[in-house]
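In: when you get a sec, could you give me coordinates for this:
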Amino acid sequence: MKLSTSTKLKIFSGTASEYFAEGIAKSIGLSVGKSTLQRFSDGEIQPYFEESVRGDNVFIVQSTFSPAENIMELLLMIDAAKRASAYKVIAVIPYYGYARQDRKDKPRVAIGAKMVANLLQAAGVDRIMTMDLHAPQIQGFIDVPVDHLYASSMIVPYIRNLNLPDLLIASPDMGGSKRANVYAKFLDAEMAICHKSRLKANVVSDMKVIGEVEGKNVVIVDDMIDTAGTIVKAAEMLKEKGAKTVRAVATHPVLSGQAHERIENSALEEVIFTDSIPLRKKNSKIKILSAAELFGNAILNVHQSRSISKGFLE
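Out: Sure thing, here's the model as predicted:
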């Protein structure tokens, strides 16, 4: 799909997602708009646009992974675009940070996902575009339109092309069972669920599998992999239960701490991610699928007031 030169659509990028914005722009025949991030000596940041955005639909691309400065940069860019008389400002957030904080799961904690939504709206955003939220109900925290894209539209064809016999889709926990069920349905595969217990955040104390995995080629499906503790433990358990091979697919490569080392030394054949977050180091078992074209087509359809649902796997 190519964009008519007469339309007013401009794509800008925060510093954390420049590679992603370039891919989006290339997919629809545009160039990324010019902007600069000024840094003061005390660390304060001030982004500004080097070209007019008056009357334009401005799409600002920035994933909000760590550090939190990425969120602040996005907020300031939204504010700058609104003050420069942009017609609409759309935040394109491939990875929506703080999405794991979607409820009060213990006393006296913040609901980070709602707080980020409030900040984006206070900055003046007109629309938000994101992919595979950790909890889809986060859309209900936001009082502007949300375009929730699904990486399954890229990942399902990739798995299908592997032509794996005796395919089984597994969820790494009970919370991801709905997501795994979607993949199993589209791939006409059986399904299993790994049940885990945690002592504290990012630490799995015990894990069991519900379902028959012996002799199966297993693909574990998740929305993100952070420390990789859960996914590696699940792979080891599935192999012990007789699985032929174990792979993992996840949308967001958070990969903090010893995640890369754990994946490299694990029973996993490969791990497939999108490029919503840039990889900080190389890993022989990791394969990246670009979501730039997915977002590019969605941006073009939103700009031209067309439906974005066609072709998406939900």
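In: and the most centrally placed residue in the chain, backbone torsions?
Out: What sits nearest the mean C-alpha location of the chain, by Cα atoms, centre = their mean, is Tyr95, with 3.8 Å. Backbone torsions for Tyr95, taken as degrees, to the nearest 10, come to phi -120, psi 120.
In: the closest residue to Ala189 other than its chain neighbours: neighbour count?
Out: For Ala189, ignoring the flanking residues on the chain, the nearest one in space by Cβ to Cβ, 6 or more residues apart in numbering is Leu167 at 4.3 Å. To be clear about C-beta, it is placed using only N, CA and C from the backbone, and glycine gets the same treatment. A total of 19 residues lie near Leu167 under the criterion other Cβ atoms under 10 Å.
In: what of Arg103?
Out: Neighbour count of Arg103, defined by other Cβ under 10 Å: 12.
In: from what I can see it touches Gly112, true?
Out: No - with contacts defined as Cβ atoms under 8 Å, Arg103 does not count as touching Gly112, sitting 10.2 Å away.
In: which regions of the stretch 201-314 of the chain sit below the pLDDT cut-off?
Out: Residue ranges of the stretch 201-314 of the chain with pLDDT under 70: 201-206, 310-314.
In: please enumerate the helices of it.
Out: 229-240, 259-264, 292-303 (DSSP state H, counting those that start in this stretch).
In: closest one to Val218 among the ones you listed?
Out: Relative to Val218, the nearest member of those by Cβ to Cβ is helix 229-240, separated by 5.3 Å.
In: restrict that closest one to CA atoms and write it as PDB.
Out: Output of helix 229-240 as PDB, limited to C-alpha atoms (Å, rounded to 0.1, in the frame of the first residue of the first chain):
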ATOM      1  CA  GLY A 229      12.600 -17.900  33.900                       C
ATOM      2  CA  THR A 230       9.100 -19.100  33.200                       C
ATOM      3  CA  ILE A 231       9.600 -19.900  29.600                       C
ATOM      4  CA  VAL A 232      12.900 -21.800  30.200                       C
ATOM      5  CA  LYS A 233      11.400 -23.800  33.100                       C
ATOM      6  CA  ALA A 234       8.400 -24.600  31.000                       C
ATOM      7  CA  ALA A 235      10.600 -25.800  28.200                       C
ATOM      8  CA  GLU A 236      12.600 -28.100  30.500                       C
ATOM      9  CA  MET A 237       9.400 -29.500  32.000                       C
ATOM     10  CA  LEU A 238       7.800 -30.200  28.600                       C
ATOM     11  CA  LYS A 239      11.000 -32.000  27.400                       C
ATOM     12  CA  GLU A 240      10.900 -34.100  30.600                       C
END
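In: could you list the domains of the chain?
Out: With domains defined by the TED database, the chain comprises 9-149, 152-289.
In: for Ser305, find the nearest of these.
Out: The closest of the domains of the chain to Ser305 is domain 9-149. By Cβ to Cβ, the value is 10.5 Å.
In: ok now that closest one, how far from the chain's centre?
Out: Here the centre of domain 9-149 is set off from its chain's centre by 13 Å, with Cα atoms, centre = their mean, to the nearest Å.
In: from here on, call the first residue 38.
Out: Got it, first residue is 38 now, which makes that one domain 46-186.
In: now the end-to-end length of it.
Out: This stretch, domain 46-186, spans 20 Å end to end (Cα to Cα, to the nearest Å).
In: next one: stretch 205-216
Out: OK, stretch 205-216 end separation, Cα to Cα: 14 Å.
In: can you read off the pLDDT for the residue of the chain most remote from its centre?
Out: If you look at how far each residue of the chain sits from its centre, by Cα atoms, centre = their mean, the farthest one is Ser78, at 32.5 Å. Looking at Ser78, its pLDDT is 96.
In: would it count as being in a helix?
Out: No - assessed with DSSP: H, G, I helix; E, B strand; the rest coil, Ser78 is coil; it does not lie in a helix.
In: got phi/psi on it?
Out: phi -60, psi -20.
In: now find how far off-centre stretch 253-270 is within its chain.
Out: 15 Å.
In: all strands for the stretch 238-351 of the chain, in order.
Out: With strands called from DSSP state E, counting those that start in this stretch, the stretch 238-351 of the chain shows them at 240-247, 254-262, 282-290, 308-311, 323-326.
In: still on that earlier bit, would you turn the helices of the stretch 238-351 of the chain into a markdown table with mean neighbour count and distance to Leu156?
Out: Below are the helices of the stretch 238-351 of the chain laid out as a markdown table (neighbours: other Cβ atoms under 10 Å; distance: least, Cβ to Cβ, whole Å):
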| stretch | mean neighbour count | distance to Leu156 |
| --- | --- | --- |
| helix 266-277 | 21 | 29 |
| helix 296-301 | 19 | 28 |
| helix 329-340 | 21 | 22 |
